[in-house]
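Trainee: Next come a sequence and a model predicted from it.
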Amino acid sequence: MERNSQPELHVFATVEEVLHGLADLFVELAARATAAQGRFSVALSGGGSPKKLYELLASPAYRARVRWEQVYFFFGDERNVPATDSQSNFRMATEALLAPLHIAPAQVFAVNTALPPDEAAAEYTQTIQDFFGEAEPRFDLVLLGLGDNSHTASLFPHTAVLHDATVGARAVFVPELDAHRITLTAPLLNLAHAVAFLVYGADKAAAVHHVLRDARNVEQFPAQLIAPRNGELHWFLDEAAAELASN
Ligand SMILES: O=C1O[C@H](COP(=O)(O)O)[C@@H](O)[C@H](O)[C@H]1O
């Protein structure tokens, strides 16, 4: 049963508890999707925070609880670097999750960063369309993080992609990084059956407050764009990150 996009806040005292809470949701959603349709599609987040989640999912405590051969992995965003680069979201996910679980290459859909960013984004849009075929491209789960500037995926403040109505992937130049990224657009992310943010640490408290409590201002707080049209919206937070969210 799907719920609407009213955010459901899951606040835990410790980061360990946050990770277990989200890993348990992953298990539940994977079981639901594989039972209903024989596969589970997930868009992974990047950066630093999700590494611990991926390591937990690959640990003995969780690896037997998911039918990994029925899980298909995509990336919510990617840095415009080679797949071997230490900044690559694909590399991080491979090292923490995909390689330890021996996920077959056919189950992993990475952004081809060997291409120029616009071409990589166009190709990734096509890859996603091909995976879903005639159906709407609705991921079963989108995992997201939150930057301390309120960006999510690579939807950065004051970038044109924030107003992109396309359902697909887009190349974006991020002035504050002086770099290109490839990101799924908000309309595509919002088609998901479930979206879950993973945010922890006191350095994220102000951003969490802005996104959840401030008046809508997506130019400044892009994560406010995330509101699944017909799906669940979860925020997994530790107390430090959630500290200002009740105000
Ligand atoms: O650059 C990125 O940042 C956000 C947040 O990352 P974190 O390390 O601060 O948790 C992440 O969600 C995104 O996927 C990533 O590419």
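Mentor: Cool, got the structure. Numbering: from 1, shown residues only.

Trainee: now the helices: where do they sit in the chain?
Mentor: Shown for the chain, the helices assigned by DSSP state H span residues 15-37, 50-57, 60-63, 89-93, 117-132, 186-189, 205-213, 239-242.

Trainee: These into a markdown table, with extra columns for mean neighbour count, distance to the ligand and mean pLDDT?
Mentor: Just so you know, the C-beta spots here come from the backbone N, C-alpha and C atoms, and that holds for glycine as well. Shown next, in a markdown table, are the helices of the chain (neighbours: other C-beta atoms under 10 Å; distance: least, C-beta to the nearest ligand atom, whole Å; pLDDT from 0 to 100):
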| stretch | mean neighbour count | distance to the ligand | mean pLDDT |
| --- | --- | --- | --- |
| helix 15-37 | 17 | 12 | 98 |
| helix 50-57 | 20 | 7 | 98 |
| helix 60-63 | 12 | 20 | 95 |
| helix 89-93 | 22 | 6 | 98 |
| helix 117-132 | 17 | 14 | 98 |
| helix 186-189 | 22 | 11 | 98 |
| helix 205-213 | 20 | 9 | 98 |
| helix 239-242 | 21 | 10 | 98 |
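
Trainee: mind checking which of these is nearest Asn80?
Mentor: Closest of the helices of the chain to Asn80 is helix 117-132, at 5.3 Å (criterion: C-beta to C-beta).

Trainee: export the closest one as PDB, just CAs?
Mentor: Output in PDB follows, covering the C-alpha atoms of helix 117-132 (Å, rounded to 0.1, in the frame of the first residue of the first chain):
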ATOM      1  CA  PRO A 117      28.200  15.100 -19.600                       C
ATOM      2  CA  ASP A 118      25.200  16.000 -21.900                       C
ATOM      3  CA  GLU A 119      25.700  12.700 -23.800                       C
ATOM      4  CA  ALA A 120      26.100  10.700 -20.600                       C
ATOM      5  CA  ALA A 121      22.800  12.200 -19.300                       C
ATOM      6  CA  ALA A 122      21.000  11.500 -22.600                       C
ATOM      7  CA  GLU A 123      22.300   7.900 -22.600                       C
ATOM      8  CA  TYR A 124      21.300   7.400 -19.000                       C
ATOM      9  CA  THR A 125      17.800   8.700 -19.700                       C
ATOM     10  CA  GLN A 126      17.500   6.100 -22.500                       C
ATOM     11  CA  THR A 127      18.900   3.400 -20.200                       C
ATOM     12  CA  ILE A 128      16.200   4.100 -17.600                       C
ATOM     13  CA  GLN A 129      13.500   4.200 -20.300                       C
ATOM     14  CA  ASP A 130      14.700   0.900 -21.700                       C
ATOM     15  CA  PHE A 131      14.600  -0.700 -18.200                       C
ATOM     16  CA  PHE A 132      11.000   0.400 -17.600                       C
END
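
Trainee: contacting residues around the helix-or-strand element of the chain with minimal mean pLDDT?
Mentor: When the helices and strands of the chain are compared on mean pLDDT, DSSP states H and E, helix 60-63 comes out lowest with a mean of 95. Applying C-beta atoms under 8 Å, 6 or more residues apart in numbering, the external contacts of helix 60-63 come out as 23, 27, 56-57, 101.

Trainee: Likewise for stretch 47-55?
Mentor: By C-beta under 8 Å, 6+ apart, the residues outside stretch 47-55 that reach it are 15, 19, 22-23, 44, 89, 92-93, 96-97, 100, 143, 145, 147, 198-201.

Trainee: which sections of the chain are below the confidence cut-off?
Mentor: For the chain, applying pLDDT under 70 flags the ranges 1-5, 247.

Trainee: Show me which residues of it are close to the ligand?
Mentor: Counting by C-beta under 6 Å from any ligand atom, the residues of the chain close to the ligand are 45-49, 76-77, 89, 144-147, 152-154.
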